[in-house]
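K.L.:
The amino acid sequence is not available; the structure is as follows:
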């Protein structure tokens, strides 16, 4: 990777494409732009997706994924990266193998299920995610459902976030944030292996939450690329993700509309 000398921080998303524009690399690139970063993407899968369904998923060949990563790392450089939907064991092994050889600050968003309820991580891929990718992560950002799955616990609205974070930290990441969009407690729970830091989050009643998790993890990666400490990045990402839900585009689609990190209503009023 090139030495980080760019004026504009360089952020890479390694994830799937959402043809509806609400989540995946589309959400990530919006978040990078909103934080003043140059966004790049390595698309690992295409989804035929809307606000109400994921109709199909098409995986990219492993050799093409490696090509995408190599050209970006070799020419432009990467100040921070994030992973999103990785879908299969083969994709995770490919991405983890590359990142093990080319380490950068890494946010792992362990995307398992879409807002529509569609499965975005195959069952057979969960173990390789835990074994190969999580140990490479600077921070992993599961929601409550994902945290319970990674920790091997049954889902509960009042699950102890501190216990979940400790269990996931035992899988090897540098830190864990159990995000606060689900469950009885509106709090992002940060654990770095030494200290627990609860970060209160604002929840807004909204019919437009599609892409909230992607936006949070991409924003977190952008702040890390800008040189923020993990705690400060986590606090600021929590605020921005909440505001993106508040500004969500409820008139887009028949299902859960996309969050709006760019505040398009303000843009239209200019």
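P.N.:
That came through fine. Every value quoted in this text rests on a predicted model; they were computed, and no experiment measured them.
K.L.:
in the stretch 1-150 of the chain, which spans are strands?
P.N.:
Listed in chain order, the strands found in the stretch 1-150 of the chain under DSSP state E, counting those that start in this stretch are 10-18, 38-49, 54-59, 80-83, 106-108, 139-140.
K.L.:
burial of the closest residue in space to residue 60 that isn't next to it in sequence, as a residue count?
P.N.:
What sits nearest to residue 60 in space, not counting adjacent residues and going by CB to CB, 6 or more residues apart in numbering, is residue 44, at 5.4 Å. Any C-beta I mention is one placed from the backbone N, CA and C, and that applies to glycine too. Neighbour count of residue 44, defined by other CB atoms under 10 Å: 31.
K.L.:
for the strands of the stretch 1-150 of the chain, which one sits closest to residue 118?
P.N.:
Residue 118 lies closest, by CB to CB, to one member of the strands of the stretch 1-150 of the chain: strand 54-59, at 3.6 Å.
K.L.:
What residues of that closest one count as buried?
P.N.:
Using 16 or more other CB atoms under 10 Å as the test for burial, strand 54-59 gives 54, 57, 59.
K.L.:
how about those in CSV, adding pLDDT?
P.N.:
Listed next are the buried residues of strand 54-59 as CSV, based on pLDDT from 0 to 100:
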residue, pLDDT
54, 93
57, 95
59, 97
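K.L.:
which among those residues gets closest to residue 204?
P.N.:
When these are compared against residue 204 (criterion: CB to CB), the nearest one is residue 54, at 24.7 Å.
K.L.:
Quickly list what the closest one is bridged to.
P.N.:
residue 49 (DSSP bridges).
K.L.:
you'd agree it is up against residue 24?
P.N.:
No - between residue 54 and residue 24 there is no contact under CB atoms under 8 Å: 10.4 Å.
K.L.:
tally of neighbours for residue 71?
P.N.:
Counted with other CB under 10 Å, residue 71 comes out at 12.
K.L.:
ok, now which ones touch residue 27?
P.N.:
18, 211, 214, 215, 218, 258, 259, 261 (CB atoms under 8 Å, 6 or more residues apart in numbering).
K.L.:
a helix runs through the fifth one, doesn't it?
P.N.:
Spelled out, that is residue 218. Yes - residue state for residue 218 (DSSP: H, G, I helix; E, B strand; the rest coil) corresponds to a helix.
K.L.:
Check the gap between it and residue 138 for me.
P.N.:
In this view, residue 218 and residue 138 are 14 Å apart by CB to CB, to the nearest Å.
K.L.:
which stretches of the stretch 151-270 of the chain aren't confidently modelled?
P.N.:
Applying pLDDT under 70 to the stretch 151-270 of the chain picks out residues 270.
K.L.:
Could you dump the buried residues of strand 54-59 into CSV and include distance to residue 88?
P.N.:
As requested, these are exported to CSV (distance: CB to CB, whole Å):
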residue, distance to residue 88
54, 14
57, 9
59, 6
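K.L.:
now, which of these sits nearest residue 203?
P.N.:
Checking these against residue 203 with CB to CB, the nearest one is residue 54 at 25.1 Å.
K.L.:
where's that closest one relative to residue 210, distance?
P.N.:
From residue 54 over to residue 210 the distance is 11 Å, taken as CB to CB.
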